[in-house]
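1. one predicted model, sequence on top.
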Number of protein chains: 2
Amino acid sequence: MKFRLLTPGPTPVPEETLLELAKPVPFHRTPEFRQLLAEVLDDLRTVYCSKNTVIPLTSSGTGALEAALVNSVPTGKKVICLIAGRFGERWKNICKAFGLEAITVTVPYGQAVQPDQLKRALTDHPDAAAVCSTLSETSTGIGHDIAAFGKIVAQSPALLLVDAVSGLGAMECRVDDWNIDLCCTGSQKALMLPPGLAFVSVSAKAWQAIDKHDAPRAFYFDLKKARKNLENSDTPYTPAHTLVRALRVSLKKILAEGMENIWMRQARYAQAARAGFLALGLELFANPPNNALTVVKSPPGIDSTVLLTKLEKQYGLKLANGQDELKGKIFRLAHMGYIDMFDILAAISGVELVLKEMGHPVELGKGLAAAQKVFAANE
Amino acid sequence: MKFRLLTPGPTPVPEETLLELAKPVPFHRTPEFRQLLAEVLDDLRTVYCSKNTVIPLTSSGTGALEAALVNSVPTGKKVICLIAGRFGERWKNICKAFGLEAITVTVPYGQAVQPDQLKRALTDHPDAAAVCSTLSETSTGIGHDIAAFGKIVAQSPALLLVDAVSGLGAMECRVDDWNIDLCCTGSQKALMLPPGLAFVSVSAKAWQAIDKHDAPRAFYFDLKKARKNLENSDTPYTPAHTLVRALRVSLKKILAEGMENIWMRQARYAQAARAGFLALGLELFANPPNNALTVVKSPPGIDSTVLLTKLEKQYGLKLANGQDELKGKIFRLAHMGYIDMFDILAAISGVELVLKEMGHPVELGKGLAAAQKVFAANE
């Protein structure tokens, strides 16, 4: 049976990137590696739509969130956390761990925080040092209007920190135009690499805040030290350098297509997936949904855990369950990274077949036809 | 030209481990991955000679040092740092970054801290919360008598933290018998993997200290949270799971040989390398040298930077230079991990040829013969 990884991270990795990972290990303190790292960070700036410094970290995406927060916000300061899911919650938890006061703006899971809510929070807390948000909230599938958030935050002294781990490279995200001060991402999503690397872009406004405060909570994640080493295209500690080398391969693929083309393709995939599931009488969980993944409510009487197990065991289709209280209630299909239109058709086909098997009324092929129409309309 | 990576990290990775890295990416929140992780951590306990919990981290070895220190020692407390090189210095720098008072015991580079010096420091500072040391000080090639340190520290309330990043798996290190409370290592040394993973073993005494204090300086590196997730053979954040899967391949190789056999083989390699360089009239830099690497002084009039460049460019032999003030003055040859006796002969051969080319008096083959005699005596 052919296995298809369709979870919102990790995502499938192109064959040529995998083969790069099988190459012999080089030394990392060499002109060759420095040039490679510089090239990768340059290419990442294209993905970020930014001229900002991009700091590479050997960690999961959470390491990048911690680095962004502890370097830029001194202990005891207020941080406005916009929470629409598990990854919004993570910002709050990092604040808590490091003695920052988290002001939370929370919406029910499946919905997005509105720009007006942020505006109010900033009016109520003009002394907030930072606003933390998510681009794609992977746990629910919603997308935030980061462009609007950026406009609001730019008029305040606060920094805008964005968890773009699952969104960057899959949906529009213009770090410079949108005034994102610290934008975090990870390697295992739209960047088409295994997990192990994370990145933070740092704006001039963010560096000002970072330089002002002597973070007594960062060593491995010290961004100032990382910036200093980057002057020589180097890292303070041994990076996962074979992943960096492999990332170059995936990035060349990304840049050859171009960011706007990728965003449009992802939008088309998202539209097709939504049309397919809606045609089967299913409901979407996220409002507004983002283009990196589609999250669908399990229909009444169907436990998504059972559905997902059948999809995997019988058809090799690995979609993701809901997390925590959403487990068994939703399923999540990624379309970011190295996933194509026919993979999405495979997922819709599998869901049709399994729902039918589980006794849920489904007209076979109806979801596929609806998705196919979206593909045709966009050709 | 054939390339030979002979630096004390990263080290060469076995072909079958590299091929494992080229396999398609699986999902990580599955019973299969949980079983794999449990198996890898079990095998690592064999490498550690320990029954302690082993915590996996996605980071470089430095991340493991930070995790060990910030979780176990509250702010403001005293930490005795035994410094014999750059990695001893790193412990001190982490203390500084997190507001711990570092009491330093420093010896000239090339020498090792003596157990008596530690005893005195502990007598002078009975309130020290921890003692930080290095097993193999990679920057100079010395080895510390961690067994002796462990006996001394065990009689105090302090914890013994050991940076075993380049030593573990290459030289004798018995975490339980030697009373090492937190023992840190990284993937890219004797474990025969690319960089990206790090590990900390945590003793019962260390957990007591960790549980007593609510570290406000750890989120990504929170060991309590990691322990909780490990109950379910899981990690708090997405691990570099393809590296974990590849590590299993390297660990099976290690366990098939057995730790004592590896230590003996490494001792033989070290003895052969030392004999070879001494026979060429060169001097060793480290006293006592450890068995993970051999560090040699560049002879008068020979800049090791030139020597190393020639070794690499002309013969594909990548040895390491000294760092900081030792740059140009020493060269470092690793024999840990996936390096064999003939690789060591290749290194000696290259050094003979390049020294001769550089006008240094060398009797060709003399170093090789001396190394060969060691190999013969040990068969």
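-> Received it, and whenever you're ready, just let me know what you need.

2. what's near enough to touch the closest residue to chain B within the stretch 201-350 of chain A?
-> Minimum separation of the stretch 201-350 of chain A from chain B (C-beta to the nearest C-beta) falls at residue A:240, amounting to 3.5 Å. Yep, even glycine has a C-beta here, placed from its N, CA and C like the rest. Residue A:240 makes contacts with A:58, A:196, A:197, B:60, B:194, B:195, B:196, B:240, B:243, as judged by C-beta atoms under 8 Å, 6 or more residues apart in numbering or on different chains.

3. please name the nearest non-neighbouring residue to it.
-> Nearest residue to residue A:240, sequence neighbours excluded (C-beta to C-beta, 6 or more residues apart in numbering or on different chains): residue B:196, at 3.5 Å.

4. element containing that neighbour?
-> Per DSSP states H and E, residue B:196 falls between elements, in no helix or strand.

5. that one contacts residue B:187, correct?
-> Yes: with contact defined as C-beta atoms under 8 Å, residue B:196 reaches residue B:187; the gap is 6.1 Å.

6. okay, and the common contacts of the two?
-> Common neighbours of residue B:196 and residue B:187 (C-beta under 8 Å, 6+ apart) are residue B:243.

7. helix, strand or coil for the spatially closest residue to residue A:91 that is not a sequence neighbour?
-> Using C-beta to C-beta, 6+ apart and skipping residues adjacent in sequence, the residue nearest residue A:91 is residue A:132, 3.8 Å away. State at residue A:132, reduced to three classes by DSSP: H, G, I helix; E, B strand; the rest coil: strand.

8. try residue A:201
-> What three-state DSSP gives for residue A:201 is strand.

9. residues in contact with it?
-> Here residue A:201 is in contact with A:44, A:45, A:48, A:50, A:52, A:53, A:54, A:55, A:175, A:180, A:182, A:183 (C-beta under 8 Å, 6+ apart).

10. bridging residues for it?
-> Per DSSP bridges, the residues bridged to residue A:201 are residue A:54, residue A:183.

11. got it, and residue A:297?
-> Beta-bridge partners, per DSSP bridges, of residue A:297: residue A:330.

12. how near is it to residue A:285?
-> 5 Å (C-beta to C-beta, to the nearest Å).

13. buried ones in the longest helix anywhere in chain A?
-> Longest helix of chain A, by residue count under DSSP state H: helix A:259-279. Buried residues in helix A:259-279, counted by 16 or more other C-beta atoms under 10 Å in any protein chain shown: A:259, A:262-263, A:265-277, A:279.

14. so which of those reach chain B?
-> When C-beta under 8 Å from any C-beta of the partner chain is taken as the criterion, no member of the buried residues of helix A:259-279 contacts chain B.

15. residue A:98 contacts residue A:70, doesn't it?
-> Yes: counting by C-beta under 8 Å, residue A:70 is a contact partner of residue A:98 at 5.4 Å.

16. so these two - more neighbours on which side?
-> Neighbours per residue (other C-beta atoms under 10 Å in any protein chain shown) separate residue A:98 from residue A:70, with residue A:70 holding more: 28 against 21.

17. hmm, that one is touching residue A:97, no?
-> No: the criterion here is C-beta under 8 Å, and residue A:70 misses it with residue A:97 at 9.1 Å.

18. ok, and the closest non-adjacent residue to residue A:32?
-> That would be residue A:26: by C-beta to C-beta, 6+ apart, it lies 7.2 Å from residue A:32.

19. specify the local secondary structure of that neighbour.
-> coil.

20. contacts only, for it.
-> A:32, A:33, A:241, A:245, B:3, B:5, B:10.

21. try 10 Å this time
-> A:32, A:33, A:36, A:241, A:242, A:245, B:3, B:5, B:7, B:10, B:194, B:318 (C-beta atoms under 10 Å, 6 or more residues apart in numbering or on different chains).

22. so what pLDDT did the fourth one get?
-> The predicted structure scores residue A:241 at 98 on the pLDDT scale.

23. how about the spatially most central residue of chain A, what does it touch?
-> Residue closest to the mean C-alpha point of chain A, counted by C-alpha atoms, centre = their mean, is residue A:166 at 1.3 Å. Listed by C-beta under 10 Å, 6+ apart, the contact set of residue A:166 reads A:8-9, A:11, A:61, A:87, A:134-139, A:141, A:185-186, A:188-190, A:290, A:292-293, A:334, A:336-337.

24. next one: phi and psi at it?
-> For residue A:166, the backbone dihedrals (degrees, to the nearest 10) come out as phi -100, psi -10.

25. now do the one 3 residues further on
-> For residue A:169, the backbone dihedrals are phi 90, psi -10 (criterion: degrees, to the nearest 10).

26. give me the phi and psi angles of the residue in the stretch 51-200 of chain A that chain B sits nearest to.
-> Using C-beta to the nearest C-beta, residue A:196 is the residue of the stretch 51-200 of chain A that sits closest to chain B, at 3.5 Å. Taking degrees, to the nearest 10, you get phi 140, psi -20 for the backbone angles of residue A:196.

27. could you tell me which residues of the stretch 101-250 of chain A lie near chain B?
-> A:165, A:186-189, A:192-198, A:214-222, A:225, A:235-246 (C-beta under 10 Å from any C-beta of the partner chain).

28. correct me if wrong: residue A:295 contacts residue A:140.
-> Yes: assessed by C-beta atoms under 10 Å, residue A:295 is found in contact with residue A:140 at 6.1 Å.
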